[in-house]
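Asker: Coordinates for the following, if possible.
(one chain, ligands or ions: 1)
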Amino acid sequence: MASFSWNRLPEQYSDAVRSQAFIGEELIGTIGFKPEDRVLDAGCGVGNLTLDIARMVPEGSVTGMDISEGRIAQCRDLFRNEKIPNARFYVGSIEEMTEEEEYTIVFSNSVFQWVTDLDLALSSFHRALRTGGLAAIQFPRLFGDHPMIFYPEKAIRELKLEEYFKDWTFPACVPSEGELKKAMERAGFSEILIREDETAFSFPTAQKLFDHFKNVGYARYTQRLPEEYEEAFLRKILQDIEEDYTKDKTQRCRRWFAYGRKKEGAATQ
Ligand SMILES: C[S@@+](CC[C@H](N)C(=O)[O-])C[C@H]1O[C@@H](n2cnc3c(N)ncnc32)[C@H](O)[C@@H]1O
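Answerer: Below is the predicted model of the structure:
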């Protein structure tokens, strides 16, 4: 039974992150960066969006933070190669951030589905912002119809593996709109705006879709299984994806776009 770690993801995960970039670019496009902004990219992954942001704030700075040491090493290499000076990186988690009043914008794309404590994560963001600063967060709603959840759940039922998943739910942060709004209010945010969006995406082959979710999503399931079942479980997932791919290659994913501002005198909860 293998345990999950963000540090043990293979290189392939970088490709997966890059293929989601268009959603991050949509979030970037809604913000209106000023050249002097001081930005945190929380859960920056391999740094592709951090690079876009760095170019938009030439008189300011960008800080990239991620829980994975490997990703941060990749970011540092990328920025060294691109010769971008106004950036720094550190390994850390959103829930344990210690910055106070440092940033004018706190940005996070496709990360909040993995936070372990939504209140703690939002409080970290609020505390890290200067007065007037903006938090801009985008993350997928990992419901049962999402391919990261749908195919493993089907495999569990059809291979009769339920006994290994008793009293367990997929460890994702999946708030409703009301829960997300309340959590942002509790953290101290004002001018809260929450928008749901649906993105359609497709991978050229079933194998590519499987690879995309294998290391982050399916790994959460296989870590619960005795080793001798892992291969059959993953094979079943791939077969089901392949079968569906003969009908329709398009996957749909619903997402939250959430924004909040830190107002004058607002205490972080
Ligand atoms: C889907 S990737 C998104 C990367 C990047 N933001 C992008 O849009 O390309 C999720 C990233 O979140 C990081 N991550 C997961 N949980 C985290 C946490 N609690 N704090 C900071 N980073 C986290 C992972 O290491 C991974 O790089």
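Asker: Please count neighbours and contacts with C-alpha atoms only from this point.
Answerer: OK.
Asker: Tell me where the chain has strands.
Answerer: Listed in chain order, the strands of the chain (DSSP state E) span 38-42, 61-66, 87-91, 103-109, 129-140, 190-202, 250-261.
Asker: Reformat those strands as CSV; add mean neighbour count.
Answerer: Below are those laid out as CSV (neighbours: other C-alpha atoms under 10 Å):
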stretch, mean neighbour count
strand 38-42, 26
strand 61-66, 24
strand 87-91, 18
strand 103-109, 25
strand 129-140, 23
strand 190-202, 13
strand 250-261, 19
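Asker: right, and the ones you listed - which one's nearest Gly24?
Answerer: Closest to Gly24 of the strands of the chain is strand 103-109 (C-alpha to C-alpha; 5.7 Å).
Asker: now what about the closest one, what contacts it?
Answerer: 24, 27, 37-44, 125, 128-139 (C-alpha atoms under 8 Å, 6 or more residues apart in numbering).
Asker: at 7 Å what do you get?
Answerer: With contacts defined as C-alpha atoms under 7 Å, 6 or more residues apart in numbering, strand 103-109 is touched by 24, 37-43, 125, 128-130, 133-139.
Asker: same deal with stretch 143-161?
Answerer: Applying C-alpha under 7 Å, 6+ apart, the external contacts of stretch 143-161 come out as Glu162, Phe213, Gly217, Tyr218, Phe233, Lys236, Ile237, Cys253.
Asker: outside of stretch 262-269, which residues touch it?
Answerer: With C-alpha under 7 Å, 6+ apart, stretch 262-269 has contacts from 123, 126-127, 129, 131-134, 186-190.
Asker: which among those gets closest to the ligand?
Answerer: Of all these, the ligand sits closest to Ser123, with 13.2 Å by C-alpha to the nearest ligand atom.
Asker: just to revisit the earlier point, can you redo the strands of the chain as a markdown table with distance to Leu180 and mean pLDDT?
Answerer: Formatted as a markdown table, those follow (distance: least, C-alpha to C-alpha, whole Å; pLDDT from 0 to 100):
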| stretch | distance to Leu180 | mean pLDDT |
| --- | --- | --- |
| strand 38-42 | 18 | 98 |
| strand 61-66 | 22 | 98 |
| strand 87-91 | 26 | 98 |
| strand 103-109 | 15 | 98 |
| strand 129-140 | 11 | 97 |
| strand 190-202 | 8 | 92 |
| strand 250-261 | 8 | 92 |
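Asker: export the ones you listed to CSV and tack on distance to the ligand?
Answerer: Shown next, in CSV, are those (distance: least, C-alpha to the nearest ligand atom, whole Å):
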stretch, distance to the ligand
strand 38-42, 6
strand 61-66, 4
strand 87-91, 8
strand 103-109, 4
strand 129-140, 9
strand 190-202, 14
strand 250-261, 13
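Asker: thinking again about what came up before, now restrict the contacts of stretch 143-161 to buried residues only.
Answerer: Phe213, Gly217, Tyr218, Phe233, Lys236, Ile237, Cys253 (16 or more other C-alpha atoms under 10 Å).
Asker: Pick the one among those residues closest to Asp197.
Answerer: Relative to Asp197, the closest of the buried ones among the contacts of stretch 143-161 is Cys253; by C-alpha to C-alpha it sits at 8.3 Å.
Asker: which residues does the closest one bridge with?
Answerer: According to DSSP bridges, the partner residues bridging Cys253 are Thr199.
Asker: Could you tell me how far it is located from Lys263?
Answerer: Separation of Cys253 from Lys263 (C-alpha to C-alpha, to the nearest Å): 32 Å.
Asker: what's the nearest residue to Asp197 if we skip its chain neighbours?
Answerer: Spatially, and ignoring its direct neighbours in sequence, Asp197 is nearest to Arg255 (5.2 Å; C-alpha to C-alpha, 6 or more residues apart in numbering).
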